[in-house]
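Trainee: structure, please.
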Amino acid sequence: MRIIIRNAVLLFAFSLFAQLASADVSGNWIFAVSLGEAGSGNAEITMAQEAEGKMSGSYSGQLANGPIAGTHEGNNFEFTFTSGALGADITYRGELEDDGTVKGSVIVQGQTMGSFTGKKNM
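Mentor: All right, here's what the predicted structure looks like:
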């Protein structure tokens, strides 16, 4: 009985690790961004996953052109940049979906102001 329980725990742990390790949002993306009444548009994002849950890259769109910095864990990611157009820090918080797309929230100065969807730019 102990062997069965031990094997079940090991299998569960391996499955969980495999899921967490398999998500990778590195690459070039096109995001469709909606900020409600403030408007909508597209942005080009380059994301690179680094060690210890860090991420870097660049953002090019109506809100800004410049570097991003953030974190990733499993299918979830978050990055921030400073928008000269809005004079504020913008955070994108999203999730990699099973179909390879991403979706999430756009947060301005700590308040959710919109949403985004994205696909890899091939």
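
Trainee: specify the beta-bridge partners of the residue nearest in space to the middle of the chain.
Mentor: Centroid-nearest residue in the chain, with CA atoms, centre = their mean: residue 77, separated by 3.3 Å. Under DSSP bridges, the beta-bridge partners of residue 77 are residue 72, residue 94.

Trainee: hang on, isn't it packed against residue 69?
Mentor: No - using CB atoms under 8 Å, residue 77 is not in contact with residue 69, being 11.6 Å away. Every C-beta, even on glycine, is put in place using the N, C-alpha and C of the backbone.

Trainee: overlap in contacts, the two.
Mentor: By the contact definition CB atoms under 8 Å, 6 or more residues apart in numbering, residue 77 and residue 69 are jointly contacted by residue 55.

Trainee: residue 110 and residue 58: what is the separation?
Mentor: Using CB to CB, to the nearest Å, residue 110 is found at 23 Å from residue 58.

Trainee: those two: which is more packed in?
Mentor: Higher neighbour count among residue 110 and residue 58: residue 58, with 16 against 8, using other CB atoms under 10 Å.
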